[in-house]
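In: fold the following and give me the result.
(one chain, ligands or ions: 1)
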Amino acid sequence: MPHADSSLVPEEIDTKSAFWEHVHTQLEALLDPDLNWVSNLSNTSSLVYHSLLAFPKFFGPDDSKAVNWCGFYLNAPYFPTSKSTPTPAAPAHQKLLLGPFCGKPACQFINVAPGKARGVCADAFVHRQTVLVKDVEAYPGHIACDGSTKSEIVVPILISNADGTTTPVGVLDLDCLALNGFDEDDQAGLEKIVVLLNKTCKW
Ligand code: SME
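Out: Sure thing, here's the model as predicted:
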């Protein structure tokens, strides 16, 4: 099957839980532990974005309810650089950097330093929990990369450490042109996407 066909959604799928189960199956086939995480995250953002747009019962192609952005912001020390020095052990760069995504251009970094963190991505990252925003205009500190966005969901990517703590690697962020674009079924589906990524990616 051509890679692009993995984002097709069979017509018989008509519930969100069946939709997410389908996307998880497609993603497991696409992810490859031998690839750099940049490649795995790139295909993940494309698969999720285009699958949602191919599921018109809840999302697109009706512009009024379409998902308009799906992608990743990554903790700067984990970001691949050619010869620079940041490492997870040297958290001097307290910001999230724009990673692989689908959608229009977006802000390239988000401050997560204590006292300066602001926005949905920063909150999900700092508090290490999913943030589901039904109306972005009512969310204090929301960063509007696209004035058309009405709702948003951000899922943190957390690595589990041997001592029971977690280390945040970044976040998965989705925007929607409709109010109440995402619900708890989407939250569960996206949190499972992050579990699959964590199983595959060597950050
Ligand atoms: N709205 C986000 C910023 C990222 S864009 O949605 C792509 C926030 O408040 O953190």
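
In: Phe182 - that's part of a helix, no?
Out: No. Assignment of Phe182 by DSSP: H, G, I helix; E, B strand; the rest coil gives coil, placing it outside any helix.

In: wait, what's in contact with it?
Out: Shown in contact with Phe182 (Cβ atoms under 8 Å, 6 or more residues apart in numbering): Leu132, Ser151, Glu152, Ile153, Leu174, Cys176. Just so you know, the C-beta spots here come from the backbone N, C-alpha and C atoms, and that holds for glycine as well.

In: tell me, what's the model's pLDDT at it?
Out: Note on Phe182: pLDDT of 96.

In: do Lys16 as well
Out: 94.

In: could you do Ala29 as well?
Out: pLDDT at Ala29 comes out at 95.

In: that one: what secondary structure?
Out: Assignment for Ala29 (three-state DSSP): helix.

In: from the ligand, how far off is the residue nearest to it when sequence neighbours are not counted?
Out: Nearest non-adjacent residue to Ala29, counting by Cβ to Cβ, 6 or more residues apart in numbering: Ser6, 6.7 Å away. According to Cβ to the nearest ligand atom, to the nearest Å, Ser6 and the ligand sit 24 Å apart.

In: so what sits opposite the most centrally placed residue in the chain in the bridge?
Out: Residue closest to the average C-alpha location in the chain (Cα atoms, centre = their mean): Leu172, at 1.8 Å. Here Leu172 sits in beta bridges with Phe72, Val155, going by DSSP bridges.

In: how about the residue of the chain at minimum distance from the ligand: what's its closest non-neighbour residue?
Out: Across the chain, the shortest distance to the ligand (Cβ to the nearest ligand atom) belongs to Gly119, at 3.0 Å. Of all residues not flanking Gly119 in the chain, Ile143 sits nearest, at 4.0 Å (Cβ to Cβ, 6+ apart).

In: just say helix, strand or coil for the one you found.
Out: Applying three-state DSSP: Ile143 is coil.

In: just the strands in the chain please.
Out: Secondary structure of the chain (DSSP state E): strands at 67-75, 95-103, 109-111, 131-133, 151-160, 166-176.

In: which one of the ones you listed lies closest to Asp123?
Out: strand 131-133 (5.3 Å; Cβ to Cβ).

In: and that closest one, anywhere near the ligand?
Out: No. Using Cβ under 6 Å from any ligand atom, strand 131-133 stays clear of the ligand, coming no nearer than 8.2 Å.

In: which elements pack onto that strand?
Out: Secondary-structure packing of strand 131-133 (3 or more Cβ pairs under 8 Å, 6 or more residues apart in numbering; DSSP states H and E): helix 120-127, strand 151-160.
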